[in-house]
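K.L.:
Build me a structure from this.
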Amino acid sequence: MGNEQTLPQNLALTTQFSEEELRRLGKRFKKLDIDKNGTISIEEFMSLPELQQNPLVRRVIDLFDTDRNGEIDFKEFVQGLSQFTVKGADKESKLRFALKCMILIRMDISAMVNYSRC
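P.N.:
Below is the predicted model:
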């Protein structure tokens, strides 16, 4: 998770989470990171029974995975979650995030339409 001391401080400046909230998120992240490689893969997300049947898990990972490596690191995890908080990021960031959501939904709809034509 990077430097344990400076990461919460840095993320507290770029997200709306307090250092204490970031520490708690860090503990949760470590529990999700089953293989302890510092990232959460789709397989690790899917190990949670409540997410196994959720068709949106892949899309959430796509939204959070800003470096497009297929896994979520702690910074991506926190920045993604901050988009869903009431006190969250600035309006421009939330609008960009909403646009990404709309694009992914549109891609899903286009894929379904194309599939139904086959």
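K.L.:
Could you report the pLDDT at the residue positioned nearest the centre of the chain?
P.N.:
Residue closest to the mean C-alpha point of the chain, counted by C-alpha atoms, centre = their mean, is residue 64 at 3.3 Å. Listed pLDDT for residue 64 reads 88.
K.L.:
Quick check: phi and psi on it?
P.N.:
phi -80, psi -30 (degrees, to the nearest 10).
K.L.:
cool, residue 73 as well?
P.N.:
Reported as degrees, to the nearest 10, the phi and psi values for residue 73 are phi -90, psi 180.
K.L.:
what's the neighbour count on it?
P.N.:
21 (other C-beta atoms under 10 Å). All C-beta spots, glycine's among them, are computed from the backbone N, C-alpha and C.
K.L.:
Identify the residues contacting the nearest residue to it once chain neighbours are set aside.
P.N.:
Counting by C-beta to C-beta, 6 or more residues apart in numbering, residue 39 is the residue found nearest to residue 73 once chain neighbours are left out, at 5.0 Å. Applying C-beta atoms under 8 Å, 6 or more residues apart in numbering, we find residue 39 in contact with 33, 69, 71, 72, 73.
K.L.:
Distance check, the first one against residue 26.
P.N.:
When C-beta to C-beta, to the nearest Å is applied, the distance between residue 33 and residue 26 equals 10 Å.
K.L.:
Same question for the fourth one.
P.N.:
Noted for residue 72: a distance of 13 Å to residue 26, by C-beta to C-beta.
K.L.:
more crowded one of those two?
P.N.:
Comparing residue 72 with residue 26 by other C-beta under 10 Å, the one with more neighbours is residue 72, at 27 against 18.
K.L.:
thinking the more buried one is in contact with residue 62, fair?
P.N.:
No - with contact defined as C-beta atoms under 8 Å, residue 72 and residue 62 do not form a contacting pair (10.1 Å).
K.L.:
quick one on the thing from earlier: out of the contacts of residue 39, which two sit at the greatest distance?
P.N.:
33 and 69 (14.6 Å; C-beta to C-beta).
K.L.:
Please identify which of these two sits among more neighbours.
P.N.:
Between residue 33 and residue 69, residue 33 has the larger neighbour count (other C-beta under 10 Å), namely 20 against 11.
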